[in-house]
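Student: I would like to see how this sequence folds:
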Amino acid sequence: MTGLIGNPTDQVLVWSLNVLIQVGCIAAFASLASLMLRRAPVKRYCLLCSALILICASPLLSTLIQSTGMNFFSVALVQNPPAPTTVSTQPAASSPHILRQNAPESFVLKKNTNQVLPEEKQDAESSLTGNSDKSTIQQAAPQSVTSAAISATAASNSAKVRPTITGYLLQTIILPALLLWSFISLFLLIQLAMKWYRLALLLKSANVNTDKNLTQLFQRTWQSLEVSQNRNIPELVLSEQISGPFAAGIWSPKVVLPEALLQQVYADQMREILIHELAHIARRDQIVVLLQTFIGTLFWAHPLVRLLNRQLAEAREEVCDNYVLTVTDAPSYSRTLLTMAQILNTPRPIPGTVGLFTSRWKLEQRIIGLLDEQRCCVTRLNKRTILLISILSAGIASMAAFGTVSLAVAEKAAIPPRNKKPDQTAAPERSTKQEVAEENAKTDDAENSHFVYTGRIVDSQGHPIAGATLYVDNSQYHSKHRQSNISLPVHKQLTETLTNSDGTFRLEFDDLWTRVMRASTVRPAPFYYRQHPGTLIIATAPGYATEWITTTDADPAVPLKITLSKSAAPIRGRLVDLEGRGLAGITVSVEAVCSAEEGAVDRWLHDLPTLSQQGLLPNEKKKPKPGSYNASIGKYPGASMVTANTPGFPTSIETDQAGRFQFLNIGIDRLLILKIEGPQVATERIAVVSRDMQSVQARPIGYEGPVKGTHYGATFTHVTEPSLVVEGTVRDRETGAPISARLKIRQSVQGSMNEVEISNPHTDLKGRYRIEQLPYSGTLRLYVIPDVDQPYFSTDYLLPKPSGLKPISLNIKLRRGVMFHGTITDKETGKPIPNASFDYFPLLSNKNATHFIPYQDNTTSLEPMQNRFISAEDGSFSLIGMPGAGIIGARTFNTDHLLGIGQEKLHHLIDENRDDRYQTHDYCFTNLYQVVKLITVPTGESEFQIDLQADRGIALQFEVVGPDGKPLTNYTINHHHYPGTAGEPATIFGFHPQRTQTIYFRHLQQQLGRAVTIYGVPEDRSIRKVKLEPLGSVKGQLLTAKGEPDIDAPISLAMNPPPGTDTLPNYDTGSTWMPKHCDSEGNFLFHDLMVGAIYTLRANRWKGRGYYPLPVQIKIKPGQKIDLGVTKVPDKK
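Tutor: Numbers count the residues shown, from 1 in each chain. Have a look, this model is predicted:
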């Protein structure tokens, strides 16, 4: 087609159809492509924005393709007319391309050899429309005959022209539908204009913010986004007409907050909200929202456009969520979103605005995405990614062009299709897939984390259970906050399947944890509460108790047989207040379920009375007997554990009007840790054993477990504690200005201390705080941790005993310190070092220390700032200090960096009694920090600039080989995985001419290892060959001074670095393996000892404060198994 064919109305109709088809293709391709980028919000958003721009350009694209004839599909509006009558002027054999048809006799012409057309021209002419026949006849006949023939042909064609089905539908259905679509779009555009006008009135009527604290927070937040200095800071306004925050405006952007919001959220929540909204403005999301709204109005009935707009809105919110995640953790931000969801009353976002939420996106899906460990949290794209997305967008536009349709006259359908060339793209595509498969096969080595488990699920009678559900779930505890001891379980479901009719199953998954644990001979220490469960295979079926097994204990080579028992009696509990009245609406959550070996619970219950008589168990009135600290005696005999929200187990429930609740399918003789929380009651944990029994007093199963020793039976009544309230303010001692700070509470009961979870852990904008649901029992201590931009030291206060049920009021005043600002960089490369941690230690001679509460009672602590101050991506950091002399310590957490850079200038400050620490308040150890620096701040200074440099030292190269001398790959260096390439040396930094350095090499799969000690820096810098040898083990028996098995003292194995020499000291800290308890006979066993290392054993005794080092120093030989025999641990004098 070389031009437009058909009348203008038909062309407009086809153009409209082309636009709809192309828009659908673009939206569909972009939506499918975005699924591959589900965990990369920035890339996904960029791709979807490109699709939106293509949709805006689709009318122009359709016009261009339709007018130039570069179409891929053509439709005819009328049916093919009969072929015109022609007369052949050549024999049939000489004109194979000319259409032949018998004509009436009156039209048969005699042959005229002088008027014969060349065969090539006949072929070309016959492929034209209409006039081709006319031309042929005129050259072959007299004028009169030609005119008659033309008239007859035209009459014949005119009489037989009929519309095709496409033409009929185009005129009778598509045209009215297009008119209806246009009218509705026009109505929606008018409606949209009215909404934009109302938005403009709302912005005009909003009040300018006058709160100075909020203004400062707003300005700091905008600066933290690193926006170009050429852009003006947006305006912050308040309005009573909205219930949720949003950003609006393109030329004069504003952030609009509800006036009531200032009293409904805390300072850290407000900061997260402002970061989210300002991120929208910094990214100019308002322009994209304007395009979305316009396109959504034009294509109001197009389902794929609505899908694209919804995905684009979700991706936009995820990108801005990433900005928030750069300054806080996902659980904290999730709680902020939940709080805002309860406050927000507007069901739909206001057109033309970008808020904290988008419609039709479930909040739980958003929170799941925030908690996803594999989520990509970057906020900007690099050039390479932009190029790839541009190429992908161009590909989407090209594929959308295949949807272009054009008009064709009827004769075109009669043209024989040209012979197409064979498709040569299929073979290369298949070869590409083969190459990918071959590449995957190359990487499928011994380090592969792919596992396949098979087996069968049966009941207690051995009958197969069909339709049972199996989960593979990895569960780990993650810290709630880097300055908090509270950790929350995080689950990652690896696969799920159902059993067949014969009870058999097959599980296939990838898991790094399983590979590492199965490769190592080190097994977890005896069960303890809140340990990482790791990867579990969980089996559950209706009416049966759920069972589980760790992949560490399950051998993939041996089919599993999992037996499910009928569910025991349910757990039935009742919660009452001090007066015995049932409490309704209290949430009871399953925090953990522990299992025991068969018969272990019977033995435990049998021994409890005897242990109690011997004073080995805690009770309500006295602490545990000295010497039994952290012992296993009297604890529930746990063998394994699952955490909260594990698949197949109940999660939480609320009590009914009588305070009752129940949990089903728990199993027999299992221990449940139930968390109780709700209004008017203190948050607490209780222990329940799933068997019919009276409550017993036993040893709590862990530090962070229940603080009381009461263990209930399956049916019980628990008397809750009333809720204690602590409230007050945190302000500057001199000015009275409010201080933004995080709070935490720790409770001490019966010798153990636990951090108490609190729902509002932060002061508000006016420095006020209110903490509810605290327990009355025990001793409570309040910790005040100012935000990183606040120049105040963290401080703790012992809370006074409450007077009745009245709240405890505590107003806190903090003295302003000196704020250090600086950067930390790598000395060799000059690059910034992110995520470094900083501590400040005032010297004992600094008299200013007594002016600050943390240093007034001569208490000491390790790492006093508790990871409060961390360097940013550009290496910048802040740190609190004071006037006078003090030491700044920086930890880079990079084993390449040398320890103690700068300590050569601090020898005069080393403690005379302890040569491993300085003369400072708190404990500043010489071998804990990569950089230490003495700082003296003049009196009167409020800020001080300090820059630090970490030194990677000199690099040496090592070639790692096995016992057979063959190169190894996939080993660890100083406990960090090093993939390596066979035959290529590993480069290790951290060597210094005046120091001794020990490097630990280990190969998990082959159970090989070696410790290599380098004194100084050798003159010979050639590659050193390290031969790994089989790992060894050590065992022995611990007895008390009376000759009894010492099962009351955990024993640990310490790997100590060689001491070096006077001129070449070794600053390595070594490592201590997790303590384990001896068995009932006092026996212990440690695996994975490597050649070249020095080990010592320590028995932790004497109330848990101190240890007894076993006199023997252990040096292992290749594959050696050392038996230390019997060692008696003396009583402490």
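Student: now do the helix or strand containing Val588: which elements does it pack against?
Tutor: Using DSSP states H and E, Val588 falls within strand 587-596. Packing partners of strand 587-596 (3 or more Cβ pairs under 8 Å, 6 or more residues apart in numbering; DSSP states H and E): strand 638-643, strand 652-654, strand 671-678. From N, CA and C alone the C-beta is placed, and that goes for glycine too.
Student: ok, now with 10 Å
Tutor: Other helices and strands packing on strand 587-596, by 3 or more Cβ pairs under 10 Å, 6 or more residues apart in numbering; DSSP states H and E, are strand 547-550, strand 571-576, helix 600-613, strand 638-643, strand 652-654, strand 660-663, strand 671-678, strand 681-689.
Student: and this structure, what are its domains?
Tutor: As given by automatic domain parsing, the domain ranges for the chain are 8-77+385-414, 93-160, 175-381, 448-566, 569-716, 723-816, 954-1029, 1032-1129.
Student: so which of the ones you listed gets nearest Tyr840?
Tutor: With Cβ to Cβ as the measure, domain 723-816 is the member of these nearest Tyr840 (8.7 Å).
Student: Gly779 bridge partners, please.
Tutor: That one is not Gly; residue 779 is Thr. Per DSSP bridges, the residues bridged to Thr779 are Ser748.
Student: can you tell me how far Leu278 is from Leu370?
Tutor: To Leu370, Leu278 is 19 Å away according to Cβ to Cβ, to the nearest Å.
Student: partner strands of the strand holding Val588, parallel or antiparallel?
Tutor: Applying DSSP bridges, one finds strand 587-596 paired with strand 638-643 (antiparallel), strand 652-654 (antiparallel), strand 671-678 (antiparallel).
Student: report the angle between the last one and strand 571-576.
Tutor: Using axes from the mean of the first three to the mean of the last three Cα atoms, to 10 degrees, the inter-axis angle of strand 671-678 relative to strand 571-576 is 30 degrees.
Student: neighbours of Ala986, how many?
Tutor: Residues lying near Ala986 (other Cβ atoms under 10 Å) number 20.
Student: show me what the residue nearest to it when sequence neighbours are not counted bridges to in the sheet.
Tutor: Excluding its sequence neighbours, the residue lying closest to Ala986 (Cβ to Cβ, 6 or more residues apart in numbering) is Phe958, at 5.2 Å. Counting by DSSP bridges, Phe958 forms beta bridges with Ala986, Arg1024.
Student: check contacts around Phe958.
Tutor: By Cβ atoms under 10 Å, 6 or more residues apart in numbering, Phe958 lies in contact with 973, 985-988, 999, 1001, 1012, 1014, 1023-1026.
Student: check Gln997 too.
Tutor: Gln997 touches 898-899, 953-954, 956, 988-991, 1012-1017, 1057-1058, 1060, 1064, 1066-1068, counting by Cβ under 10 Å, 6+ apart.
Student: just the buried residues of those residues.
Tutor: Listed as buried from these are 898-899, 953-954, 956, 988-991, 1012-1014, 1016-1017, 1057-1058, 1060, 1064, 1066-1068; burial here means 16 or more other Cβ atoms under 10 Å.
Student: so which of these belong to strands?
Tutor: Mapping these onto strands (DSSP state E) picks out 954, 956, 988-991, 1012-1014.
Student: leaving out chain neighbours, which residue sits closest to Glu943?
Tutor: In space, and not counting its chain neighbours, Glu943 is closest to Met819: 5.0 Å by Cβ to Cβ, 6+ apart.
Student: which stretches of the stretch 651-800 of the chain form strands?
Tutor: If DSSP state E, counting those that start in this stretch is used as the criterion, the strands of the stretch 651-800 of the chain fall at 652-654, 660-663, 671-678, 681-689, 696-697, 710-712, 715-719, 724-732, 741-749, 752-756, 768-774, 779-786, 795-798.
Student: out of those, nearest to Pro938?
Tutor: strand 724-732 (21.4 Å).
Student: in that closest one, what counts as buried?
Tutor: Across strand 724-732, burial judged by 16+ other Cβ under 10 Å covers 724-726, 728-732.
Student: all the strands of the stretch 401-550 of the chain, residue numbers only.
Tutor: For the stretch 401-550 of the chain, the strands defined by DSSP E, counting those that start in this stretch cover 405-408, 450-459, 469-479, 487-498, 504-510, 534-540, 547-550.
Student: what helices or strands is the second one leaning on?
Tutor: With contacts defined as 3+ Cβ pairs under 10 Å, 6+ apart, the secondary structure elements packing on strand 450-459 are strand 469-479, strand 487-498, strand 504-510, helix 512-519, strand 534-540, strand 547-550, strand 560-564.
Student: pLDDT below threshold where in the stretch 751-900 of the chain?
Tutor: 751-753, 858-863 (pLDDT under 70).
Student: residue ranges of the helices in it, please?
Tutor: Here the stretch 751-900 of the chain has no helices by DSSP state H, counting those that start in this stretch.
Student: can you check the stretch 351-500 of the chain too?
Tutor: Remark: helices assigned in the stretch 351-500 of the chain by DSSP H, counting those that start in this stretch are 363-371, 383-401, 426-443.
Student: which of those helices has the lowest average pLDDT?
Tutor: When those are ranked by mean pLDDT, helix 426-443 comes last with a mean of 37.
Student: quick check: next helix or strand after the lengthiest helix in the chain?
Tutor: Longest helix of the chain, by residue count under DSSP state H: helix 175-205. With elements assigned by DSSP H and E, the helix or strand that comes after helix 175-205 is strand 207-208.
Student: tell me the bridge partners for Gly534.
Tutor: Applying DSSP bridges, one finds that Gly534 bridges with Ser475.
Student: confirm for me that it is in contact with Leu494.
Tutor: No - Gly534 lies out of contact with Leu494 (Cβ atoms under 10 Å); the separation is 11.7 Å.
Student: quick one: common contacting residues for these two?
Tutor: 473-474, 511, 513-514, 551.
Student: doesn't Gln1113 belong to a strand?
Tutor: Yes - when classified by DSSP: H, G, I helix; E, B strand; the rest coil, Gln1113 is found to be part of a strand.
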